[in-house]
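> predicted model and sequence below, questions to follow.
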Amino acid sequence: MSITEKETFRIPVKEGQRILSLCWRGAELVDLASGGTRYRLDGTVELPGVFFAYHFNRAVVSNDGNYSVIYEALGTKGLVLRGNKPVREINRSFYHAHVYEYPFAIIHLPDGRTAIAHCPDAYNKIEIEEIESGQRLTAREGDAADFFHSRLQATPDGEHLLSAGWVWHPLDAVQLFRIRDTLQSPAVLDRYAHLELPDELFEVHAAAFQGNETLIMVGDNGGEPGEEGPFLARYDLREDRVNLKRRLQEPAGTIMPVNSEFIIGFHEHPKLIEIASGKVVKRWSELDSGKQNSSIIWHEEKLPPLALDSNRMRFAVADSKGITAVQLAEN
């Protein structure tokens with residue numbers, strides 16, 4: 001099986017119009033941080049009727065499209081929305097907040113409720129709450145392991161929660177939790193949830209769920225300068241083990257699984273990577289997708305807004321003149 005570029009769309013924006021965030025919502029793209037500017041693939045743009053008087057620059061949309069959350073990536077403030085209507089404000093600890101990405105995820109729990117996972121009280125303490133009421137489902141006392149949670153993600157079935165953050169001094173790492181376990185015994189969230197990883201993945205720079213049963217991780221072996229090398233590992237969530245590891249041709253950065261055989265890496269520019277070989281089989285060199293390779297991004301001056309849709313095999317990258325959206329297809 002191979003992956004091809006089915007269609008590419010270019011949506012221009014007017015001079016001076018700034019794109020703050022980017023998410024897929026149905027067949028169009030939306031900048032929720034700007035108040036909900038809608039970008040259609042035919043090139044038309046619908047400006048928002050709402051203005052949020054704060055410097056939000058990230059957004060997440062729930063799988064069913066009913067809720068979204070906007071937040072400041074290197075700040076402490078977020079806002080839960082139903083449609084364009086604010087529901088409640090959320091916050092995180094100030095501690096090193098200017099250094100690494102705000103930890104946040106929307107979860108569709110197995111019992112049908114929509115919840116959020118974030119760190120409202122401390123950098124190392126994840127809480128799961130009902131999205132609208134704020135009712136805390138993991139209330140507990142006690143200290144938590146010293147881990148800077150970031151880039152939280154949940155599987156579509158609401159069974160697993162991932163934190164792709166870091167530990168001092170600094171070292172990129174991941175934590176993985178079974179959500180059912182955390183709801184039954186919230187103290188689970190306060191322990192180190194170590195994965196058995198190969199030595200080649202001494203440091204995990206990015207990770208993403210591939211459906212409900214697989215976790216893809218990219219990182220390196222932490223060797224001396226000139227000796228380190230980027231690696232990929234595929235982790236089976238049902239069997240709790242790595243079932244594939246491969247040296248990567250080059251760093252992947254932020255990743256988006258496409259199907260069971262390919263991922264897109266967004267380090268410097270989007271690139272289609274074959275999992276089995278670790279080789280780049282296609283590049284979009286004309287698109288600047290930034291150099292993020294960690295949750296620590298304070299030093300990255302330019303991180304273009306990205307919209308990733310693994311389920312529909314599509315992505316979008318924004319620049320100062322507009323948005324490029326790419327639709328992939330299986331052959």
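On my side now, so go ahead.
> now do the contacts for residue 150.
Residue 150 makes contacts with 100-103, 163-166, 295, as judged by CB atoms under 8 Å, 6 or more residues apart in numbering. (Glycine included, C-beta is placed from N, CA and C.)
> oh, I was asking about residue 286
Contact analysis of residue 286 by CB under 8 Å, 6+ apart lists residue 269.
> with distance to residue 63 and pLDDT added, can I get the contacts of residue 150 in TSV?
TSV is the format used below for the contacts of residue 150 (distance: CB to CB, whole Å; pLDDT from 0 to 100):
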residue	distance to residue 63	pLDDT
100	25	98
101	21	98
102	20	98
103	19	98
163	19	98
164	19	98
165	23	98
166	27	98
295	23	98
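> and the two most separated of the residues you listed?
Greatest spacing in these, by CB to CB: 102 and 166 (13.8 Å).
> point out where the stretch 101-250 of the chain drops to low pLDDT.
Scanning the stretch 101-250 of the chain for pLDDT under 70 picks out 223-227.
> tell me where it has helices.
Assigned by DSSP state H, counting those that start in this stretch, the helices in the stretch 101-250 of the chain fall at 179-184.
> what's near enough to touch residue 266?
By CB under 8 Å, 6+ apart, the residues touching residue 266 are 252-256, 289-290, 292, 306, 315, 317.
> out of those, which is nearest to residue 328?
residue 315 (8.2 Å).
> give me the subset of the contacts of residue 266 that lies in strands.
255-256, 306, 315, 317 (DSSP state E).
> could I get those in JSON lines, plus columns for pLDDT?
Shown next, in JSON lines, are the ones in strands among the contacts of residue 266 (pLDDT from 0 to 100):
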{"residue": "255", "pLDDT": "98"}
{"residue": "256", "pLDDT": "98"}
{"residue": "306", "pLDDT": "98"}
{"residue": "315", "pLDDT": "98"}
{"residue": "317", "pLDDT": "98"}
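> show the pLDDT at the residue nearest to residue 265 when sequence neighbours are not counted.
Closest residue to residue 265 apart from its sequence neighbours, by CB to CB, 6 or more residues apart in numbering: residue 252 at 3.2 Å. The score at residue 252 is 98. That number is its pLDDT.
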